[in-house]
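> any chance you can model this:
(chains A, B, C and D)
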Protein chains: 4
Amino acid sequence: MAKILIVYYERTGSTEAMARAIAAGVKDGGGEPVVKRVEDTSIEDLKAADGVVFGSPTYYGLPAPRMLALFEESVRCHGDLAGKVGGAFAASANVGGGNETTVMALIQAMLVHGFVVPGSPAGDHFGPVSVGAPDRRVQSQCGEYGKRIAALAAKLHG
Amino acid sequence: MAKILIVYYERTGSTEAMARAIAAGVKDGGGEPVVKRVEDTSIEDLKAADGVVFGSPTYYGLPAPRMLALFEESVRCHGDLAGKVGGAFAASANVGGGNETTVMALIQAMLVHGFVVPGSPAGDHFGPVSVGAPDRRVQSQCGEYGKRIAALAAKLHG
Amino acid sequence: MAKILIVYYERTGSTEAMARAIAAGVKDGGGEPVVKRVEDTSIEDLKAADGVVFGSPTYYGLPAPRMLALFEESVRCHGDLAGKVGGAFAASANVGGGNETTVMALIQAMLVHGFVVPGSPAGDHFGPVSVGAPDRRVQSQCGEYGKRIAALAAKLHG
Amino acid sequence: MAKILIVYYERTGSTEAMARAIAAGVKDGGGEPVVKRVEDTSIEDLKAADGVVFGSPTYYGLPAPRMLALFEESVRCHGDLAGKVGGAFAASANVGGGNETTVMALIQAMLVHGFVVPGSPAGDHFGPVSVGAPDRRVQSQCGEYGKRIAALAAKLHG
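Alright, predicted model coming up:
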């Protein structure tokens, strides 16, 4: 059973709700989700997972500094995360508010670690995004995304 | 009076409507808008403008190939466009469908030419984006954007 | 044996040389490489591969329009490429000339199709890049990249 | 005389050397440079400048978390920086190591503030980048960039 760590930074509740919806999708997909705030996430947590999904509100079109601090810290295990499945999600206040650029920034950081990142031919192509509080559309996107991440991790590490 | 060329590629009508709303904003801002389909835009048109705004539907998270063909062709006047004001807008079928990445791709191409690109502290930060047909919110964003582009071009080239 | 299609657009010989070095790496990694110019690549070619690596010179910080035209055309098989392994490489005239943004643009396009994209913890993180003609460093990066793509494709589709 | 603030985060000396070369260019261009480490930079410093150039080493393809923390903090003056000239530079250990993506991430953050960002038709198009310690090429790029930033700020705020 693939272990999927979902790490999020929270401000208004949106990313936490998305994290939980992704976790439900991981479970539906036969994986074992672990949901953690970035403040509670250790390098060992990253290493123990078969896949990691990072989520953040949009801060000036980019992930929260606290989320990038985890990447900075993770240089201590550089190389060890290569081949794990990686995913990203983001929440912003507005359309055109930086959701996609935030997700792509997280994907860039994951690619530097050597994560394997899947896209989606339907819905939110780079990773789930929410404008404001997650509505039904976002919840559904998150669920599908969790399933896809779990299935890929099972194939690669099952 | 600053001359602002608005170049768009069209498929479903969304980018054309956005181009016209931006043109109205340019006029409100005291500028002279020129709206052209990319197929009708020449290198001379680019050189004659004080500012150029490029708009495209999202094709696989990027501008339409026909729009990038204009950039490819514009290598003939490379250097001549430096210092002009540049802007971008995009339309996609879905939220998370590549609007922001399309706008940022156009901005990257403009920066290579040496365009001067303004962001927006309110609304669509990188440039106006529409999910589906432009609604009132998008129309308003486009109008404000046109004004901002015209004002900056007047300051730099008036 | 995983079949890896390497599609490139060529102007000065750099991307063709990189394509051949990646193909050699694919072979070393136990895969079956197929190298094609973008003009000779059909939708059927994309569908027949277990993995596809796209390479382009940098045109205004982005892939060549001809390469994006293949993506535009590929909408006819949208969904069919999901789960395939995807990779990208680029050549530019200068450092800071748009190599990384070109590779990331190709990765964005691949994610929209649902490709699975691996990064690299060592060397060129997003995909091989060459400044000018490919030197020994670039050849070696391309070889390693080909191996990584073949290994991932074998795991997923072998 | 346009006042240009150059803010940098430092690890190995590369970005500090680049900051000083940009400052020299600003002076050559008739501007007044102020060079500060990000730790010593206040919101008042940002507000007092006609232009701001941000520089960072590449951390997982993105700016250092400490640099993004300044942007996070700067939400307190959101709107006040609109119309100022913005620029970016980056240093990485390797070619293909995230220099361009780091510069583009800083540009994205500046666009959200409403900065006006110029590109360069020659050399490092998005902003100066150094692979390892800045050599003569990089020093020269930084000098030219400083001049361009100063000239644009003088036009807009002189």
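> stretch A:116-124 vs chain C: in contact?
Yes: with Cβ under 8 Å from any Cβ of the partner chain as the criterion, chain C is reached by stretch A:116-124 at A:116-122. From N, CA and C alone the C-beta is placed, and that goes for glycine too.
> same check, this time on stretch A:72-85
Yes: Stretch A:72-85 comes into contact with chain C (Cβ under 8 Å from any Cβ), by way of A:78-79, A:81-83.
> any idea how far that stretch is from the chain center?
15 Å (Cα atoms, centre = their mean, to the nearest Å).
> and stretch A:98-108, by the same measure?
Offset of stretch A:98-108 from its chain centre (Cα atoms, centre = their mean): 11 Å.
> do the same with stretch A:118-128
Taking mean C-alpha positions (Cα atoms, centre = their mean), stretch A:118-128 and its chain are 12 Å apart.
> average pLDDT across that stretch?
On average, the pLDDT along stretch A:118-128 is 96.
> quick check: buried residues in it?
By 16 or more other Cβ atoms under 10 Å in any protein chain shown, the buried positions in stretch A:118-128 come out as A:118-121, A:123-128.
> next: stretch A:35-48.
For stretch A:35-48, using 16+ other Cβ under 10 Å, the buried residues are A:35, A:38, A:41, A:46.
> wait, what's in contact with A:Arg148?
A:25, A:29, A:118, A:120 (Cβ atoms under 8 Å, 6 or more residues apart in numbering or on different chains).
> now the first one: how far from chain D?
Relative to chain D, A:Gly25 is positioned 26 Å away (Cβ to the nearest Cβ, to the nearest Å).
> that residue and A:Gln139 touch, don't they?
No: the criterion here is Cβ atoms under 8 Å, and A:Gly25 misses it with A:Gln139 at 9.5 Å.
> residues contacting A:Asn112?
Small correction: residue A:112 is Val, not Asn. Counted by Cβ under 8 Å, 6+ apart, A:Val112 has contacts C:119, C:121, C:125-126, D:60-61, D:98.
> could I get the full set of helices for chain A?
In chain A, the helices defined using DSSP state H lie at A:14-28, A:43-48, A:65-73, A:99-113, A:136-157.
> count of residues packed around A:Asp28?
For A:Asp28, the count of nearby residues is 14 (other Cβ atoms under 10 Å in any protein chain shown).
> ugh, typo on my part, it should be A:Thr15
Neighbour number of A:Thr15 under other Cβ under 10 Å is 28.
> how near is it to A:Ala24?
15 Å (Cβ to Cβ, to the nearest Å).
> nearest to chain A, of the contacts of A:Val112?
The closest of these to chain A turns out to be C:Gly119 (Cβ to the nearest Cβ; 2.8 Å).
> now do the contacts for the closest one.
The contact partners of C:Gly119, by Cβ under 8 Å, 6+ apart, come to A:82, A:110-117, C:125-126.
> ramachandran angles for it?
phi -90, psi -180 (degrees, to the nearest 10).
> can you tell me how far it sits from A:Gln108?
From C:Gly119 to A:Gln108 the distance is 8 Å (Cβ to Cβ).
> give me the common contacts of the two.
Common neighbours of C:Gly119 and A:Gln108 (Cβ under 8 Å, 6+ apart) are C:Phe126.
> my guess is A:Pro63 meets A:Ser56, correct?
Yes: contact criterion Cβ under 8 Å: A:Pro63 and A:Ser56 qualify, at 4.0 Å.
> could the contacts of C:Gly119 go into TSV alongside distance to D:Phe71?
Below are the contacts of C:Gly119 laid out as TSV (distance: Cβ to Cβ, whole Å):
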residue	distance to D:Phe71
A:Ala82	30
A:Met110	21
A:Leu111	23
A:Val112	21
A:His113	23
A:Gly114	28
A:Phe115	25
A:Val116	30
A:Val117	25
C:His125	23
C:Phe126	23
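> so which of these comes closest to chain D?
Distances from chain D to the contacts of C:Gly119, taken by Cβ to the nearest Cβ, are shortest for A:Val112, at 4.6 Å.
> tell me which parts of chain A are close to chain B?
Residues of chain A lying near chain B (Cβ under 8 Å from any Cβ): A:61, A:94-101, A:103-104, A:123-129, A:131, A:137, A:141.
> which of the residues you listed come close to chain D?
Checking those against chain D (Cβ under 8 Å from any Cβ), the matches are A:61, A:98, A:101.
> near the nearest residue to the first one once chain neighbours are set aside, how many other residues are there?
Closest residue in space to A:Gly61, ignoring its immediate chain neighbours: A:Gly98 at 3.6 Å, by Cβ to Cβ, 6 or more residues apart in numbering or on different chains. Summarising burial for A:Gly98: neighbours were counted as other Cβ under 10 Å, giving 28.
> list the contacts for A:Gly98?
A:Gly98 sits in contact with A:58, A:60-62, A:90, A:92, B:100, B:125, D:108, D:112, where contact means Cβ under 8 Å, 6+ apart.
> quick check: it vs A:Val129, distance?
10 Å.
> quick check: neighbours shared by the two?
With Cβ under 8 Å, 6+ apart, A:Gly98 and A:Val129 have common neighbours A:90, A:92.
> okay, the residue nearest to A:Gly51 when sequence neighbours are not counted: pLDDT?
Leaving aside its sequence neighbours, A:Gly51 sits nearest to A:Val85 (Cβ to Cβ, 6+ apart; 3.4 Å). In the prediction, the pLDDT value recorded for A:Val85 is 98.
> can you give me the neighbour number for A:Val85?
Neighbours around A:Val85, by other Cβ under 10 Å: 28.
> repeat that for A:Arg136.
7.
> now the two most distant members of the residues of stretch A:116-124 next to chain C.
Farthest pair in those (Cβ to Cβ) is A:Val116 and A:Ala122. Separation: 19.8 Å.
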